[in-house]
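Visitor: Fold the following.
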Amino acid sequence: MGLLRKLRPVLIPAIVLIAGASLLAWLLLADPPEPPTLRKSASGETEPQTASPSDTRNTIAAQSAVTKEAAESPPPLPSDIRNVSPAGISPPEVTGKLTRVKPSQRLLDLINPPVEPVPDGEFKLQRPKVIDAGTLGTEDLLVRIAHISPLKPDETCVSRVGGTWPCGTRARTALRGLIRMFTIVCHKTQDLGPRQIAATCIRRKTDIGEWLVRYGWADPAEDAPETYLELAAEAKKNKRGKWQAEWLKDLPEPVADLSLPGLPTGLPDELPDDGNNILVSPQDGPLPSLDLRETLPPNG
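Guide: You can find the predicted model right below:
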């Protein structure tokens with residue numbers, strides 16, 4: 001025991017030193033890990049070969065293009081067939097006419113997956129995006145507000161002070177302020193295309209279509225109810241939204257009065273040689289002469 005106590009100050013550093021040396025030797029002498037498979041990108045640089053959803057979509061799109069091109073092009077001649085047989089295997093000799101085989105239904109479903117229609121009835125949009133003043137969108141659905149004809153995003157309106165203002169952009173901003181981060185409840189009215197529908201939508205107790213028409217950000221469509229027509233007339237009367245510049249039409253047309261009152265009539269065609277003012281009537285006689293010496297104060 002006494003010997004161990006004497007060797008303890010030396011024994012512990014020696015163990016730590018041996019362990020560190022062993023770790024360093026393992027790092028230097030161990031085989032390095034195999035590098036990942038690299039591929040060349042479009043810019044010519046190499047990048048790791050990884051599988052991602054975008055790669056899968058690109059592969060399916062490429063297969064779709066190849067399948068479509070193969071379906072439209074005629075079968076190749078036997079002499080033009082590319083040999084893809086592995087090494088050591090002889091391809092069969094082709095002597096007859098080639099027949100192109102249609103792709104299987106499974107491949108067609110992978111290329112163009114079937115789109116399920118939106119069911120009828122009520123549904124909810126969680127935090128939808130405002131595409132324009134009459135369209136809401138999610139990741140897989142596009143909803144157009146029914147019964148309205150909204151302003152386009154690049155549409156402009158006449159300004160009160162002259163010129164134009166981007167009323168289409170302003171209408172989209174107004175709708176975004178109404179929607180914000182709320183859940184929107186919609187009721188499907190019509191199918192417009194794959195995952196595209198027309199619907200009446202409500203934000204809490206506010207009908208979005210009626211709100212847009214009431215504040216002048218949309219016009220009633222041809223199939224709009226009578227309520228929409230009344231709201232549009234109210235918006236136009238109160239100069240809301242796109243109708244802000246309508247009051248300019250009520251102003252009377254300005255009439256320019258080009259006459260200059262106070263000018264004497266019967267003016268001579270030519271200026272007189274004596275330097276008199278032509279605005280002085282000949283009956284008044286010539287202008288009196290002015291002696292500047294009489295108007296200047298004396299020196300000193």
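Visitor: so how far is the first residue of stretch 179-186 from its last?
Guide: From its first residue to its last, stretch 179-186 covers 13 Å (C-alpha to C-alpha, to the nearest Å).
Visitor: In three-state terms, label Ser192 for me.
Guide: Not Ser; residue 192 is Leu. Counting by DSSP: H, G, I helix; E, B strand; the rest coil, the backbone at Leu192 sits in strand.
Visitor: How many residues are close by it?
Guide: 13 (other C-beta atoms under 10 Å). (Glycine included, C-beta is placed from N, CA and C.)
Visitor: what's the answer for Glu222, then?
Guide: 6.
Visitor: Arg180 versus that one, what's the distance?
Guide: Look at Glu222 and Arg180: by C-beta to C-beta, to the nearest Å, they are 31 Å apart.
Visitor: Arg214 now?
Guide: In terms of C-beta to C-beta, Arg214 sits 18 Å off from Arg180.
Visitor: Those two - which one has more neighbours?
Guide: Using other C-beta under 10 Å as the criterion, Arg214 and Arg180 rank with Arg214 on top: 21 against 9.
Visitor: contacting residues around that one?
Guide: Taking C-beta atoms under 8 Å, 6 or more residues apart in numbering as the criterion, Arg214 is in contact with 231, 234-235, 240.
Visitor: out of those, which are buried?
Guide: Buried members of the contacts of Arg214, scored by 16 or more other C-beta atoms under 10 Å, are 231, 235, 240.
Visitor: what's around the closest residue to Cys157 other than its chain neighbours, how many residues?
Guide: Once flanking residues are discounted, Cys157 sits nearest to Cys167: 3.7 Å by C-beta to C-beta, 6 or more residues apart in numbering. For Cys167, the neighbour count with other C-beta under 10 Å is 24.
Visitor: doesn't Val158 make contact with Cys167?
Guide: No: the pair Cys167 / Val158 is not scored as a contact, 9.1 Å apart, by C-beta atoms under 8 Å.
Visitor: show me where this structure has strands.
Guide: With strands called from DSSP state E, the chain shows them at 38-40, 46-48, 122-126, 129-132, 135-137, 142-145, 148-150, 157-158, 164-165, 183-193, 196-203, 206-207, 218-220.
Visitor: Parallel or antiparallel, list what pairs with the fifth one.
Guide: So that's strand 135-137. Applying DSSP bridges, strand 135-137 is found paired with strand 129-132 (antiparallel), strand 142-145 (antiparallel).
Visitor: just these: most buried one?
Guide: Ranked by mean neighbour count under mean count of other C-beta atoms under 10 Å, the strands paired with strand 135-137 are led by strand 142-145, which reaches a mean of 23.
Visitor: the bottom helix or strand of the chain by mean pLDDT?
Guide: The weakest-scoring helix or strand in the chain, judged by mean pLDDT, DSSP states H and E, is strand 46-48 (a mean of 50).
Visitor: Low-confidence ranges, this protein, go.
Guide: For the chain, the stretches with pLDDT under 70 are 1-4, 31-73, 75-76, 78-79, 246-300.
Visitor: Please repeat the previous calculation with a cut-off of 80.
Guide: Applying pLDDT under 80 to the chain flags residues 1-11, 24-85, 90-100, 114-115, 159-162, 245-300.
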